[in-house]
Structure formats: structure tokens, C-alpha cells
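Trainee: Test case, fold it:
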Amino acid sequence: MKSLKHITHGIVNLRSTISRFRVKTRHIVIALLVLIVALIQTHTIWDFFGERADENGLFHYAIGFFGGDFNPIWTGYGNLGMYIIYLVYMTLSLPFLLIGKFDSLEEYAMQMFYNGYFVLVARYTFAVLGVITVFIYAKAARLVKVPMVLIILFIIISISSTDAICFANYLRSEMLVGLFVGLSILFAIKSDKKIYLYLLAIMVAGAISSKISALPMVALLGVYSIYRLYDKTISWPHLIGVCVTFIAFLYIFQPYVDHYEKFLSTTNIGVVGLGGGETRNLVRTYYYSYSERLIQVYEIFKSFCGLPIILSLPLLVFSRKYIKVVLPALFTFFLLIAQYFITPEIRNYWFLPAFILIRFLSLLGVAGLYYEIVKLSQKKHLLSKILSYGLIITIVTFTSIVLIKPNIENYLNQYKWAESNSSIAQKYIEKNLLENEFILLESLRNHLIPNVYSKDNLKLSKKVSRAFMYHRSKNTFLNKLFEDYINNHYYRMIGVDSVKGISQISLINVKNQKSINNLVGKYYVTTSYAYNTILKRSSKDLGSQQKNQLERQQAYFRYMISNPLHKRFNSGRGPVIEIYHITLTFDEYHGESQQGDKSFRITN
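Mentor: Numbers count the residues shown, from 1 in each chain. Have a look, this model is predicted:
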């Protein structure tokens, strides 16, 4: 009862804090600035080239919630991001329904199958959250009196950075994790007031509910809770209250998740390493030694943040003035990256929350050096003033040349103003092949392969659409929506009366006569990106079982691309799409293979 009383007291304090907040002109200006900057960052709104791998793991679930079933079943990316996107979708649907643009919510939702509206709205939503994250770190810097000029530079560098632009156009749950990480650091700094320790608990729960990889953030909450107990900011009942708040918000943010089981499975992955230390996927690169992993992590940070940011980190030795924020920021940075040194698989987007954090640490290091230099000349006022202005001009000039200018050039280079090769190929297939020819769709890298469907094979069509991955096949709304689209709209929209047949293909035994001859006469759709991944794959790091698998896949691709090339699509953007007409019978192929004339061809 006593801990409940403390929780209630904390909520009352929070309400009191909110009631004292007044919207000022500067708040409106900042809000508009955030919306405009995110709009500029999300260049795919103006120059759309299709969905990217795994983006549907967030926004397709959000559309599935339209039917009233809010249990996504799958928790790989965390549920909180799905719910946020759902709320945005529902809000934006209101004006469309009111003006009669769509007759129903189902018709509004059906856009997921024929345009990029939903993925672009989701990208923009997360881009807004990313820009807010930048301003949160700026707020933290301002709390410890970092010079405003340096804070402005930090904001400009962060919103124009390679990672900011990349992930404003690539929907990743790590963007939401980054928001909660920034808020966690801000509230940790201010945790000398009890209410902020409760808010820290909520933010850590939010980070974990965005993606389970944020689980190490519990250590930040634990350290600050114990520290505030030690310095008597809170008492034991408050500590219990903070723990209860954390657990309660885990279930508020993700009501359908078995958190105990999820934590156990995540801990097991952390101990064993993602992939268990073995190569599980032939199309991915694995790093088996700690030195390899360290080098890869360094290359990722250099690529996204820039070498000057990394080289400035030793300047943190001068940041004693900002120690109140340096300590939680450094500790959090360690929590965010340490877990990936025990896994052989390393992806650049995993470090998204840490990219802005390393820039923030760089800001504190530069500000610390600036403060120490100016401090040395304080006895001579004129010299101090000249030195201060000189340092600021030098820092601004240097960062503008080596960071901001390349960032802006990188952003402008993103605009291609060209349709994707996949989209061009899809329109060609729909117009020229779909009614009269049987289409084979490569399943490797299938997010790059054109999507074509058939009323006669709804099960396969659902698989091709990628809308039913990760248990989304259990969502009634999505199933009915797709079936309605295929049965009542798809053929009319693409201008066909029928589809001869479609299939997905991933591997055949080229030594089996029936397997090859059954393909003759069909048209095979692939991307050079898929088969080059396998044909150029080294077998040095593979065990005997994986080597055999690689050999079978290489033999399969050699056969498929040894057939006559019907058409190549490379005038657009993105990976090249190719269509092969399968004409080689078993006897013809193996006769030619023995002569060595066509069996191996790699194109870029």
C-alpha cells in the first residue's frame, strides 16, 4: 500500500508539471521545424522507388489492426511502433473518408497492395520521431550549458547525417528505440527529482517495447535507481514504485507479449550469440573473431557518422564540466553496442540509436575542450574574447567543410528521379507475359522481385505479396482484404482477363531430369543481385553441410541463367531485374555444361 501511495504521488506530481507547461511561440516554431525537416529528410515521398526489406514487419501489422485484432502475435520488432503507426493511419484516414476519397476503411487499407502510401506515411512518422530525438539531445546539452553555437552545429550535423537520411527512408524500429534512449538520458540527468526516475522507467520500458535489443537499457534504470536510493533522493518504497512502473508500462506498451519468455529467449541469444556462432544464412556475412567484429563496428560508425566524429571522442577527457551528462551517455552507448560483439552477424541498422549518441558525445568533448581553452585565458579579458570567437569560427568552418557539406551532397545524390527496375519489370510482365506465359518468380531476395498474382492460386499469391509473413496470415482483416483485392480488383487494375500461372522457385536439383524438364517453356524472373550473392559466395567459412548447400544453390543458378535472356531491366534505379526463357532440357543443358560454354555467367 505504501508503494502504491508513492506511485500515486508521483503521478500527481507529473500532472502538476504538465499543467504548468504553457505552449509558447518557440514551441510552435520548433514543432513546425521538426515536421518540415522530417519532410525534407524523407525524400522517397517525392522520389519513391518501392518498399525495402523487412519494412512490412512494422507497417503491415499496423494495417492489420484496422480489423480490431490488436494482437500481432509476432514480437520480433516490438509492438509499440506498430501501434504508433496504426494511430497515425487511423487519424489520416478520417479526412479521406469524410471527403469521400474512399468509401470504407477497407478500401483505404487496400492501398497497401498497389501504391506506397502506407510505407511512406510510416517512414515520415518515424523520421519525425528521429528529428525530435535530435532536439532531445540538444535539450540535454543545453541543461549542462553547452554553448548554443555548438548545439546548433550538432543539430545541423545530426539532421543532415547519412544515417538520418538513410533511415528516414528505411523504416526501422531502431529509430523509435533511439527516441526512448534520448529521453532516458535526459531523465537520468534530471533524476535528482523523483518524478524523473519514474519517467526514466517508462522510457526504458518504451525502448524495450520498440525492440527487445534495448533490453540492456534496464541497467541504466537500475544504476540510477540505486544511486538515487544512495543519495536519498528516493526511499525504498519509491524504488519499488519505480520497478512497478517499469513492469506496468511493459504491459501497457505490449499487452500481448509474454515478457518473461521474451526476456529468457533474448538472454539466451545474448549468451550463445545470434546464429549460435555458426553460418545460418548463405547470403549474409558473418564475423567470427572479436577483432573482425570490432573492425566491422568501426567501419559502420565511420560510414554513417564520419571519421572526424570518431576522432573527436578522446576530447571527452576535457568534459569534466559536463560529467553529469557524459556518464549516462557513455554508459548508455556501451549498453547499446556491447551486445553485438558476441554475435557473428552484425547489421548497420542495429546501431541506429548509437549513431546520434556518438555525435552527442563528440559535442560534449568539443565543448569541454572549448571551455578549458577559454578558461585558461580568462585573466586577460580581451584575449579570452578573441580566443573564444576564434575557436568558434574554426569549429564552425571545420565542421561545415568536413561534415555538413558532405552530408548535404550525400542527400542531394539520393534523388534519382527514376522508377525502380522492379516496377518497370512488373509492368512489362503484366502487359506482355502474364496472360499467356507461366511465370517463375525467384524467392531469394524476393522483396526485389516484381509481384504478380493469380486468382487461381491465392495461397501462393499471399506468399508472393509478403503481406502475410511472421504470422500475419492469422490476421482475418488482412486475409479478407487481400482476397477481395485479388478477386475483385487486381485483374481489372492491371488490364488482364486471366493469368496462365505463377510459381515461386528457390532451388532445383539440376541432376534430376524431371526437375529441369518441368521448367521448360516457362519464364523465370530474377535479379542479378540474388544470383551473384550465391555465385560469388566464398565457402571458406562454411562447414561441410553449408558447403553442400552452397554448391547446390550455385548449380541451380548456373542452370537458370544459362537459358536465353528474354529481357533485362537496368534503365531504372535499384538492382537489375532479368527475365529468362527456360528452354534448355536436361540433356541439352548437361551436354553444354560438359563443353563448358554456358554453364557459368555472372552479370553486374
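
Trainee: So which residues of this protein form strands?
Mentor: Secondary structure of the chain (DSSP state E): strands at 438-442, 501-505, 523-527, 565-569, 577-581.

Trainee: which strands and helices sit next to the second one?
Mentor: Right, the one you point to is strand 501-505. strand 438-442, helix 458-465 (3 or more CB pairs under 8 Å, 6 or more residues apart in numbering; DSSP states H and E). Heads up, the C-betas are built off the backbone N, CA and C, glycines and all.

Trainee: tell me the mean pLDDT for the longest one?
Mentor: I take that to be helix 458-465. Helix 458-465 carries an average pLDDT of 94.

Trainee: and the helices and strands packed on strand 501-505, which is most packed in?
Mentor: Across these, the average number of neighbours (mean count of other CB atoms under 10 Å) peaks for strand 438-442, which reaches a mean of 20.

Trainee: close enough to count as contact, residue 121 and residue 89?
Mentor: Yes: Residue 121 is within contact range of residue 89, at 6.7 Å (criterion: CB atoms under 8 Å).

Trainee: quick one, which of those two is more surrounded?
Mentor: residue 89 (22 against 19; other CB atoms under 10 Å).

Trainee: Quickly note the distance from that one to residue 62.
Mentor: Residue 89 sits 6 Å away from residue 62, going by CB to CB, to the nearest Å.

Trainee: Okay, helices next: where are they in the stretch 451-600 of the chain?
Mentor: Taking DSSP state H, counting those that start in this stretch, the helices of the stretch 451-600 of the chain run over residues 458-465, 476-485, 491-494, 513-517, 528-535, 544-562, 586-595.

Trainee: Can you say which of those is nearest to residue 56?
Mentor: helix 458-465 (9.2 Å; CB to CB).

Trainee: name the helices or strands packed onto the closest one?
Mentor: Short answer (3+ CB pairs under 8 Å, 6+ apart): helix 458-465 packs on helix 476-485, strand 501-505.

Trainee: Quick check: which of the ones you listed is nearest to residue 167?
Mentor: Nearest of those (CB to CB): helix 476-485, 25.8 Å.

Trainee: Quick one: work out the angle between the closest one and helix 458-465.
Mentor: Per axes from the mean of the first three to the mean of the last three CA atoms, to 10 degrees, the angle that helix 476-485 makes with helix 458-465 is 100 degrees.

Trainee: Now find how far off-centre helix 476-485 is within its chain.
Mentor: Averaging C-alpha positions (CA atoms, centre = their mean, to the nearest Å) puts helix 476-485 27 Å from its chain's average.

Trainee: can you check stretch 547-557 too?
Mentor: So, by CA atoms, centre = their mean, the centroid of stretch 547-557 is 31 Å from its chain's centroid.

Trainee: Equivalent analysis for stretch 314-333, please.
Mentor: The answer for stretch 314-333 is 28 Å, by CA atoms, centre = their mean.

Trainee: Mind listing residues that contact that stretch?
Mentor: 140-141, 143-144, 146, 181, 184-185, 188-189, 217, 219-220, 223-224, 354, 357-358, 360-362, 364-369, 371-372 (CB atoms under 8 Å, 6 or more residues apart in numbering).

Trainee: quick one: buried residues of it?
Mentor: 315-316, 318-319, 321-322, 325-326, 328-333 (16 or more other CB atoms under 10 Å).

Trainee: quick one: which two of those residues are the most distant?
Mentor: The span of those, defined through CB to CB, is set by 318 and 332 at 20.4 Å.

Trainee: Among the contacts of stretch 314-333, name the buried ones.
Mentor: Looks like those have 140-141, 144, 146, 181, 184-185, 188-189, 217, 220, 224, 354, 357-358, 360-362, 364-369, 371 buried, using 16+ other CB under 10 Å.

Trainee: Residue ranges in this structure under the pLDDT threshold?
Mentor: 1-23, 265-280, 377-384, 592-604 (pLDDT under 70).

Trainee: how does it look with 50?
Mentor: 271-277, 597-604 (pLDDT under 50).

Trainee: what's the longest helix in it?
Mentor: helix 117-143 (DSSP state H).

Trainee: circling back: now for the helices and strands packed on strand 501-505, which one comes closest to residue 235?
Mentor: Closest among the helices and strands packed on strand 501-505, once you apply CB to CB, is helix 458-465, at 55.6 Å.

Trainee: Next, the angle from the closest one to strand 438-442.
Mentor: 40 degrees.

Trainee: hmm, back to that, format the strands of the chain as a markdown table; extra columns: distance to residue 36.
Mentor: As requested, the strands of the chain are arranged in a markdown table below (distance: least, CB to CB, whole Å):
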| stretch | distance to residue 36 |
| --- | --- |
| strand 438-442 | 41 |
| strand 501-505 | 43 |
| strand 523-527 | 36 |
| strand 565-569 | 36 |
| strand 577-581 | 36 |
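
Trainee: Residue 101: which of these is closest?
Mentor: Of these, nearest to residue 101 by CB to CB is strand 501-505, at 31.6 Å.

Trainee: now the closest one against strand 438-442, angle please.
Mentor: Using the same axes, to 10 degrees: strand 501-505 against strand 438-442 is 20 degrees.

Trainee: that older thread, can you list the helices of the stretch 451-600 of the chain in JSON lines and add distance to residue 75?
Mentor: Formatted as JSON lines, the helices of the stretch 451-600 of the chain follow (distance: least, CB to CB, whole Å):
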{"stretch": "helix 458-465", "distance to residue 75": "22"}
{"stretch": "helix 476-485", "distance to residue 75": "18"}
{"stretch": "helix 491-494", "distance to residue 75": "34"}
{"stretch": "helix 513-517", "distance to residue 75": "38"}
{"stretch": "helix 528-535", "distance to residue 75": "29"}
{"stretch": "helix 544-562", "distance to residue 75": "29"}
{"stretch": "helix 586-595", "distance to residue 75": "46"}
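
Trainee: Of all these, which one is nearest residue 167?
Mentor: Across these, closest to residue 167 is helix 528-535 (CB to CB), at 21.0 Å.

Trainee: and the closest one, what does it pack onto?
Mentor: With 3+ CB pairs under 8 Å, 6+ apart as the test, helix 528-535 has helix 544-562 packed against it.

Trainee: For the helix it packs on, list the C-alpha coordinates in PDB.
Mentor: Extracted in PDB, the C-alpha atoms of helix 544-562 (Å, rounded to 0.1, in the frame of the first residue of the first chain):
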ATOM      1  CA  SER A 544      30.600 -29.300 -44.800                       C
ATOM      2  CA  GLN A 545      26.800 -29.100 -44.700                       C
ATOM      3  CA  GLN A 546      26.700 -25.500 -45.700                       C
ATOM      4  CA  LYS A 547      29.300 -26.100 -48.400                       C
ATOM      5  CA  ASN A 548      27.000 -28.700 -50.000                       C
ATOM      6  CA  GLN A 549      24.100 -26.300 -49.700                       C
ATOM      7  CA  LEU A 550      26.100 -23.600 -51.400                       C
ATOM      8  CA  GLU A 551      27.100 -26.000 -54.200                       C
ATOM      9  CA  ARG A 552      23.500 -27.000 -54.900                       C
ATOM     10  CA  GLN A 553      22.400 -23.300 -55.000                       C
ATOM     11  CA  GLN A 554      25.200 -22.400 -57.300                       C
ATOM     12  CA  ALA A 555      24.400 -25.300 -59.600                       C
ATOM     13  CA  TYR A 556      20.700 -24.200 -59.600                       C
ATOM     14  CA  PHE A 557      21.600 -20.600 -60.500                       C
ATOM     15  CA  ARG A 558      24.000 -21.600 -63.200                       C
ATOM     16  CA  TYR A 559      21.300 -23.600 -64.900                       C
ATOM     17  CA  MET A 560      18.700 -20.900 -64.600                       C
ATOM     18  CA  ILE A 561      20.900 -18.100 -66.100                       C
ATOM     19  CA  SER A 562      22.300 -20.300 -68.800                       C
END
